[in-house]
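> let me see the structure of the following:
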Amino acid sequence: MKFVVIFGPHAVGKMTVGQELAKITGLKLFHNHMTIDLVSNFFNFSTPQGKRLVNLFRQEIFEEVSKSDLDGMIFTYMWAFDDQEDWDYINEVCNLFESRGSDIYFVELEADFDMRIERNKTPNRLANKPTKRDIEHSENLFRTLEEKYRLNSYEGEIKRENYMRINNTKIPPEEVAKMIKNEFSL
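Numbers count the residues shown, from 1 in each chain. So this is what the prediction gives:
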């Protein structure tokens, strides 16, 4: 099984690239808002209840997928590199898949701030992420988290063997997906 983690800051294109990668590899896409948006019908993600439920749903899905005969999964995540809890979470999820024989692949996306502000309003993003449809709130959260956390890694910080970093400011998601597929022979 292959477990691909696509990470990067807000509106960098994690889900969209994941959608394209799923199309050309047959891997299942599990973008982070699938659970956030489900739980947001009951609790805000920032509340203890919201975080607990999101993590519970994700954990159960990871457990079942990691034991299944699926070819693999693509998971998208906004990783705060200056938050040890995020490092621990990613390590825990990867350890689960590795303990069951999966190969792990890390794809880090980065793009210019202004491009990401524009991407924050794309029809695909708004169709697939209901909590992003209030553009003003979404953009305020975007700017707040951008100031609070470091959302791209430092050079050499990611020690995984199967790791690639792509600046996709000017590269269409279909092309980024092809780059990932070719790099890792997915």
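> check contacts around Lys121.
Ile135 (Cβ atoms under 8 Å, 6 or more residues apart in numbering). Yep, even glycine has a C-beta here, placed from its N, CA and C like the rest.
> quick check, it in a strand?
No - counting by DSSP: H, G, I helix; E, B strand; the rest coil, Lys121 is not part of a strand but coil.
> quick one: pLDDT of it?
Among the per-residue scores, Lys121 shows a pLDDT of 90.
> could you look up the SS state of Glu161?
Per three-state DSSP, Glu161 ends up coil.
> what's the burial count for it?
Applying other Cβ atoms under 10 Å, we find 8 residues neighbouring Glu161.
> how about Gly156?
Neighbours of Gly156 using other Cβ under 10 Å come to 6.
> apart from its neighbours in sequence, what residue is nearest Gly8?
Distances taken as Cβ to Cβ, 6 or more residues apart in numbering place Leu109 nearest to Gly8, at 3.6 Å, with adjacent residues excluded.
> which residues touch the one you found?
Here Leu109 is in contact with 6-8, 12-14, 17, 165-168, 176 (criterion: Cβ under 8 Å, 6+ apart).
> partners of it in the sheet?
Counting by DSSP bridges, Leu109 forms beta bridges with Ile166.
> that one and Lys67, how far apart?
Distance of Leu109 to Lys67, given as Cβ to Cβ, to the nearest Å: 29 Å.
> next, count neighbours for the closest residue to Glu63 other than its chain neighbours.
Closest residue in space to Glu63, ignoring its immediate chain neighbours: Leu96 at 7.2 Å, by Cβ to Cβ, 6+ apart. Leu96: 17 surrounding residues under other Cβ under 10 Å.
> isn't Leu96 up against Lys67?
No - applying Cβ atoms under 8 Å as the test, Leu96 and Lys67 come out as separate, 9.7 Å apart.
> let me see the ranges of the strands in the chain.
Taking DSSP state E as the criterion, the chain contains strands spanning 2-7, 28-30, 72-77, 103-110, 163-167.
> against which helices or strands is the top helix by length along the chain packed?
In terms of residue count, the longest helix belonging to the chain (DSSP state H) is helix 48-67. Applying 3 or more Cβ pairs under 8 Å, 6 or more residues apart in numbering; DSSP states H and E, one finds that helix 48-67 makes contact with strand 28-30, helix 33-39, helix 84-99.
> tell me which of these sits nearest to Ile74.
Checking the helices and strands packed on helix 48-67 against Ile74 by Cβ to Cβ gives strand 28-30 as the closest, at 4.8 Å.
> so how far is Asn162 from the closest residue to Phe184 other than its chain neighbours?
Nearest residue to Phe184, sequence neighbours excluded (Cβ to Cβ, 6+ apart): Tyr105, at 5.0 Å. Remark: distance between Tyr105 and Asn162 (Cβ to Cβ) = 4 Å.
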